[in-house]
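Participant: Have a look; sequence and predicted model below, questions after that.
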Amino acid sequence: MKKLLTLWLACLATSIQAQDQQAQIAAKANAISAKLIEWRRYLHEHPELSNREVNTAAYVAAHLKKLGIEVQTGVAKTGVVGLLKGGKPGPVVALRADMDALPVKERADLPFKSQVTADYLGQTVPVMHACGHDSHVAILMATAEVLASMKKDIPGTVKFIFQPAEEGPPGDEEGGAPLMVKEGVMDNPKVDAIFGLHIGSGIEAGKIRYKPGAMMASSDWFTIAIKGKQAHGSAPWNSIDPIVTGTQIIEGLQTIVSRQSNIVEAPVVITVGKFHSGVRNNIIPEEALLEGTIRTLDTKMQKDVHERIRKTAVKIAESAGAVATVTIDTKTLVTFNDSALVAKMLPSLQKAAGTGNVSTMNWVTGAEDFSYYGTKAPAFFFYLGGMPKGNDPLKAPGHHTPDFYIDDSELHVGVKAFCNLVFDYAKAAAR
């Protein structure tokens with residue numbers, strides 16, 4: 001009886017401690033909300049393109065150093081990594097935010113609207129945080145401040161990863177998560193689990209959406225070069241027309257999705273976004289170039305689709321007497337959430353947003369290079385809503401568009417989620 005009483009008292013003490021910890025996190029996250037919004041709006045007004053996030057990196061590094069966090073800069077070109085060693089033994093948990101903006105001109109009339117321009121592949125372009133990475137950075141900055149204030153209670157170590165070039169490095173440069181991983185960001189100390197979030201313009205502010213297993217698609221870029229025979233536009237019979245051949249290949253690629261892939265198993269998207277050919281209206285050119293993207297949510301299907309694209313392009317070209325050369329470049333892997341990790345950590349998200357505000361989502365054919373961290377440790381990536389409450393998700397401006405808009409009033413929910421994940425993962429790992 002005495003042993004049972006002792007055990008019950010120990011459990012009660014643990015429960016009270018956990019409730020107190022959760023209350024502390026909630027209070028601190030709410031208190032820092034105004035600063036969080038200020039940081040987000042500053043970053044929004046001062047966006048920088050991939051691999052050029054110099055000022056953003058300096059802004060982040062200065063903040064982390066002020067908190068007494070060990071800081072490493074220049075990781076994967078402009079990345080920043082902060083290391084916070086807790087006062088108790090425990091695992092190493094990584095939290096990630098991406099920092100880069102896009103070559104998009106902002107249309108929304110905001111007091112902190114971006115007016116920035118920059119060089120992108122030799123062209124002067126407008127720059128905008130059209131995917132919410134400014135929100136991600138601000139949330140992780142706030143998380144670092146809250147956790148630094150609770151340092152003595154943290155079991156283990158927290159690694160804050162501020163990553164450049166999620167949207168893809170320019171030209172032939174290396175960058176993004178693949179380069180972060182290559183340079184050892186998941187080691188020294190070795191990360192036991194990693195968490196990340198993405199703001200969603202079509203999800204109501206403060207709500208969280210997640211999916212176990214495959215969540216976001218792999219992204220492959222393909223190029224199909226078609227070699228035909230040039231002729232006068234008045235005598236097409238003397239040509240091997242690469243334009244006509246190209247249009248037939250485009251149609252053929254769509255049958256891979258509509259007639260060859262088991263889309264009940266997982267979605268497949270093949271999009272041709274560029275078609276270059278010709279210089280004059282009365283010349284049938286010798287060459288044509290198709291460029292596009294492939295999105296899959298299953299590794300086996302990804303390989304199968306690659307082979308079908310090659311076969312379709314080559315055989316259609318052969319049937320016209322042309323030659324097609326296919327190049328496929330994998331940009332990101334499938335973003336895969338470790339199902340066991342999701343099951344353990346779901347209560348952490350529910351503490352942050354409220355049980356009724358956390359729910360599953362369908363898979364997304366957009367891609368995220370967060371997927372590369374998942375090759376080194378169990379990973380969990382989720383969405384945090386940023387759509388003004390009461391708005392229609394179907395009418396919300398999409399990501400990567402000039403009208404992209406985020407309601408930043410509930411970003412503190414992301415801070416609560418990250419902080420709870422850090423403490424709760426340590427408890428789960430200790431069991």
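Facilitator: Perfect, I can see it now.

Participant: Tell me which stretches of the stretch 1-150 of the chain form strands.
Facilitator: Remark: strands assigned in the stretch 1-150 of the chain by DSSP state E, counting those that start in this stretch are 70-75, 79-85, 88-98, 117-120, 123-126.

Participant: Can I get these in JSON lines including distance to I284 and mean pLDDT?
Facilitator: For every residue, glycine as well, the C-beta is placed using N, CA and C. Supplementary listing: the strands of the stretch 1-150 of the chain in JSON lines, determined by distance: least, C-beta to C-beta, whole Å; pLDDT from 0 to 100:
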{"stretch": "strand 70-75", "distance to I284": "51", "mean pLDDT": "98"}
{"stretch": "strand 79-85", "distance to I284": "49", "mean pLDDT": "98"}
{"stretch": "strand 88-98", "distance to I284": "45", "mean pLDDT": "98"}
{"stretch": "strand 117-120", "distance to I284": "33", "mean pLDDT": "97"}
{"stretch": "strand 123-126", "distance to I284": "30", "mean pLDDT": "98"}
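
Participant: who wins for proximity to S371 among these?
Facilitator: With C-beta to C-beta as the criterion, S371 lies closest to strand 88-98 of these, at 11.5 Å.

Participant: Show me what the lengthiest strand in the chain is packed against.
Facilitator: Looking only at the chain and at elements set by DSSP state E, the strand with the highest residue count is strand 213-227. If contacts are counted by 3 or more C-beta pairs under 8 Å, 6 or more residues apart in numbering; DSSP states H and E, strand 213-227 sits against helix 242-255, strand 287-296, helix 299-319, strand 323-332, strand 335-337, strand 364-367.

Participant: any idea of the mean pLDDT in that strand?
Facilitator: In this model, strand 213-227 carries a mean pLDDT of 97.

Participant: Then stretch 359-373?
Facilitator: For stretch 359-373, the per-residue pLDDT values average out at 97.

Participant: Can you point out the buried residues in it?
Facilitator: Under the neighbour-count criterion of 16 or more other C-beta atoms under 10 Å, stretch 359-373 has W363, V364, T365, G366, A367, E368, D369, F370, S371, Y372, Y373 buried.

Participant: Dihedrals phi and psi, the most centrally placed residue in the chain?
Facilitator: For the chain, the residue sitting closest to the mean C-alpha position, by C-alpha atoms, centre = their mean, is E368 at 3.5 Å. Torsion angles at E368 (phi, psi; degrees, to the nearest 10) stand at phi -150, psi 130.

Participant: Give the full set of residues in contact with it.
Facilitator: Counting by C-beta atoms under 8 Å, 6 or more residues apart in numbering, E368 touches E166, H198, M216, T332, T335, F381.
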